[in-house]
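J.: Provided below for reference: sequence and predicted model.
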Amino acid sequence: MAASMRFQRWKEASQSGADFSKKGSIDSYIVSLVGFINSQENYFTTSSCSGRVCVYSENNLSGLKKKGCTWLYTTHEYAESGNILDAIKNSEEDAVFKFEPFVLHVQCKTLEDARIMHQVSVESGFRNSGISLGKSGKIITAVRSTHGLEVPLTSHGIVLVSDQYVEYLVKLANEKLEENMRRIDRFFSNLKIHMDQAKGHVSSSKTKNSSLNCGSCGQPITSTHSKGQKPAKHTGHVNPSRTEKNKTEKTQCNGDSKNMESDEIEDIGSLFNT
């Protein structure tokens, strides 16, 4: 009971407080997703980013990065090479081009709630997701992937690459942004299925036939997988109903200290298998 009340206080404090992010608001593409998670009794979000393309500059001293950086360009939508080229012309330091994929931190009421959130994340394509436990009892699931991109463009104000190469980087980043959006949509869809099943909103027959979408191709994971059949189109699928039985992949749990409270984090990833 005490733990439940403490979680509720944390949730109320988080949702009533100010948004301290640089932007000051939730990214438009994930407003519905964040709202849905926050409407669930056992979850609430603590930080999020839908994904972005940016250029920032940093000043290096004896090979060590100084704290902080200067943002030259950033967008949560498709980038344009002309804007990137204009941005690096104004840099007198070391400018870096970067694509950062979707990241979401969700505080969970119980370890079982965190396990479910992590399972949905991995099955939706966010395979670098993990679970962290703070000494104060806070349980955080970090939803994230590894398809980022980071390339230096200038050194001490000198442009190192051609305009053509910048155009190529922008094209590559925009393609990654498209895949990022598909994964977010898949995650949202799969999360709704899990939440409905958990609340009993789906009839037993419908629940039996409901399926998650594959993190690789986006197609449903069908019942044929429970029989060990793996159609060529769905190679590598893992049947959710056999997750507990086939514990072969250890949870990756690398807590993002920048998005957590100041209390020390204990890695408990080894307790959760998917």
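T.: Structure's in. What do you need?
J.: where along the stretch 101-250 of the chain do the strands fall?
T.: Here the stretch 101-250 of the chain has its strands, by DSSP state E, counting those that start in this stretch, at 103-108, 130-134, 139-144, 149-152, 154-155, 158-159.
J.: quick check: which of these is buried the most?
T.: When the strands of the stretch 101-250 of the chain are scored by mean count of other C-beta atoms under 10 Å, the highest mean neighbour count falls to strand 139-144 (a mean of 24). For the C-beta atoms, the positions are set from N, CA and C on the backbone; glycine is no exception.
J.: quick one: contacts of it?
T.: 46, 101-111, 113-114, 117-118, 121, 126, 128-134, 187, 254-256, 259-260 (C-beta atoms under 8 Å, 6 or more residues apart in numbering).
J.: give me phi/psi at the closest residue to Thr154 other than its chain neighbours?
T.: Spatial nearest neighbour of Thr154, chain neighbours left out: Ala95 (4.2 Å); criterion: C-beta to C-beta, 6 or more residues apart in numbering. For Ala95, the backbone dihedrals (degrees, to the nearest 10) come out as phi -90, psi 140.
J.: and Gln229, what pLDDT?
T.: At Gln229, the model reports a pLDDT of 46.
J.: cool, Asn90 as well?
T.: At Asn90, pLDDT is 77.
J.: over to Gly82?
T.: 95.
J.: would you mind measuring from it to Val170?
T.: To Val170, Gly82 is 9 Å away according to C-beta to C-beta, to the nearest Å.
J.: more neighbours: those two, which one.
T.: Set Gly82 next to Val170 and count neighbours by other C-beta atoms under 10 Å: Val170 wins out with 21 against 12.
J.: quick one, what contacts that one?
T.: With contacts defined as C-beta under 8 Å, 6+ apart, Val170 is in contact with 53, 79-81, 84.
J.: list just the nearest of these to Asn180.
T.: For the contacts of Val170, the closest approach to Asn180 (C-beta to C-beta) belongs to Val53, at 10.3 Å.
J.: burial count for that closest one?
T.: 25.
J.: that one contacts Val96, correct?
T.: No. Between Val53 and Val96 there is no contact, the gap being 11.9 Å when judged by C-beta atoms under 8 Å.
J.: now stretch 161-175: buried residues?
T.: Buried residues in stretch 161-175, defined by neighbour count with 16 or more other C-beta atoms under 10 Å: 166, 169-170, 173-174.
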